[in-house]
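Novice: below is the sequence, then the predicted model.
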Amino acid sequence: MLIGLKKYLLLGRLNFWKKMMKTYNWGILGPGKIAKKFTEDLLQIPAARLHAVASRSEERAQAFAKMYGAKYAYNTYEAMLNCPELDVVYIASPHAGHYEHSLLFLNKGIPVLCEKPLAINSRQVLAMINAAKNKQTFFMEAIWTRYIPTMRKVLELIESGAIGDVLAVKADFGFQAAFDPNSRLFDPKLGGGSLLDIGIYPAFLALLILGKPERVEAMAHIGQTGVDEECAVLMKYPNGKIAQLHSSIRFQTKTEAFIYGENGVIHMHTRWHEGKSISLLINGKRPKDFHFDYPERGYRFEAEEVMKCLGEGKTESPRLPLSFSKDLIELLDLIRQKTGIVYPDYD
């Protein structure tokens with residue numbers, strides 16, 4: 001089954017942005033690789049504008065602003081706090097900076113979309129959530145997978161009973177990273193390793209589909225720099241439900257996901273967290289394929305959710321509430337406890 005862009009737009013997306021009178025001015029903190037991907041998608045939204053960029057490097061800030069047409073470029077993060085007509089900030093700094101950088105803007109009442117994970121541990125995340133609530137300011141974790149059409153269809157199939165009661169979730173995410181002890185990915189002081197970087201995606205899927213587990217078992221391979229280069233997790237739920245999760249920066253995995261039900265399976269094709277196709281395999285029937293045709297990477301959908309919430313006066317997304325992000329980081333904390341993963345200065 002092919003769900004083309006035109007049909008998708010007819011579902012309401014285009015009409016929504018036609019009705020949207022306000023153009024939202026976005027600020028970007030940390031103009032790195034992920035910020036470039038996000039911005040390129042953001043600029044495809046009629047009601048969005050890149051307004052400001054902040055970096056500790058004036059050269060990087062100026063270059064990013066020039067490349068994407070931002071009006072303001074700042075060489076400190078604090079300077080962007082006083083940016084005129086700034087509506088929302090996307091925090092795209094490394095994991096270890098999310099806590100400090102998000103609080104800068106939340107404490108001033110500026111809405112924040114923060115890249116995942118929200119922070120290094122649950123203690124930091126709780127402080128961030130409390131700051132947002134105290135200021136009655138919008139705050140959301142940038143788990144873009146939650147908003148892509150593929151995930152929407154998966155949830156629709158589950159809610160419709162297409163595969164019956166869900167019994168298990170299996171998901172992996174792995175790639176072979178070139179070893180560099182000086183890189184963020186291999187630095188435990190920066191939250192390096194597979195778990196926070198990519199293991200969060202399988203954990204997110206299990207939490208979204210099955211909820212909080214009653215038991216968690218996990219093991220990890222700790223590399224020479226002290227980060228988890230591979231992590232395997234087994235989670236048990238009431239009524240015999242199970243989740244099997246795997247992440248690795250030691251080798252490439254298929255990066256697929258399966259949701260097993262009593263009547264069939266939903267297969268999320270590689271790379272499932274950003275995929276544009278899934279298959280529905282009902283017991284005894286031919287597979288049914290669903291394809292989603294949109295030109296962007298998929299980051300625009302989370303940006304649209306932010307602006308939709310802001311337009312409706314919401315302080316969090318009902319589709320990814322702050323309570324979910326709290327549960328997710330607590331799950332990641334528990335996995336770290338089970339595996340002996342430690343981030344110095346944060347534990």
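Specialist: That came through, no problem.
Novice: so which bits of the longest helix anywhere in the chain are buried?
Specialist: Scanning the chain for the helix with the most residues, using DSSP state H, yields helix 322-339. The neighbour-count check on helix 322-339 (16 or more other C-beta atoms under 10 Å) flags 322, 324-336, 339 as buried. C-betas here are computed from N, CA, C, even on glycine.
Novice: name the nearest of these relative to residue 23.
Specialist: Closest approach to residue 23 among these (C-beta to C-beta): residue 322, at 26.4 Å.
Novice: which ones are touching that closest one?
Specialist: 129, 132-133, 139-140, 316 (C-beta atoms under 8 Å, 6 or more residues apart in numbering).
Novice: tell me which two of the residues you listed sit farthest apart.
Specialist: 133 and 140, at 13.1 Å, using C-beta to C-beta across these.
Novice: which of the two has more neighbours?
Specialist: residue 140 (26 against 14; other C-beta atoms under 10 Å).
Novice: how far off centre is the helix or strand harbouring the more buried one?
Specialist: Using DSSP states H and E, residue 140 falls within strand 139-142. How far strand 139-142 lies from its chain's middle: 8 Å, per C-alpha atoms, centre = their mean, to the nearest Å.
Novice: what's it packed up against?
Specialist: Helices and strands touching strand 139-142, by 3 or more C-beta pairs under 8 Å, 6 or more residues apart in numbering; DSSP states H and E, are strand 112-115, helix 122-134, helix 300-311, helix 322-339.
Novice: list of residues touching the helix or strand just after that strand?
Specialist: Moving toward the C-terminus from strand 139-142, the next helix or strand (DSSP H and E) is helix 149-159. Helix 149-159 is contacted from outside by 3, 8, 145, 163, 166, 208-209, 259, 261, 266, 268, 272, 275-278, 280, 290, 292, 294, 301, using C-beta under 8 Å, 6+ apart.
Novice: with stretch 48-67 instead?
Specialist: 23-31, 35-36, 39, 42-43, 68-77, 79-80, 83, 85-87, 303, 307.
Novice: what's the end-to-end length of that stretch?
Specialist: Terminal residues of stretch 48-67 lie 16 Å apart, using C-alpha to C-alpha, to the nearest Å.
Novice: and the closest residue to residue 336 other than its chain neighbours, how far is that from residue 251?
Specialist: In space, and not counting its chain neighbours, residue 336 is closest to residue 195: 6.8 Å by C-beta to C-beta, 6 or more residues apart in numbering. Between residue 195 and residue 251 the computed distance is 16 Å (C-beta to C-beta, to the nearest Å).
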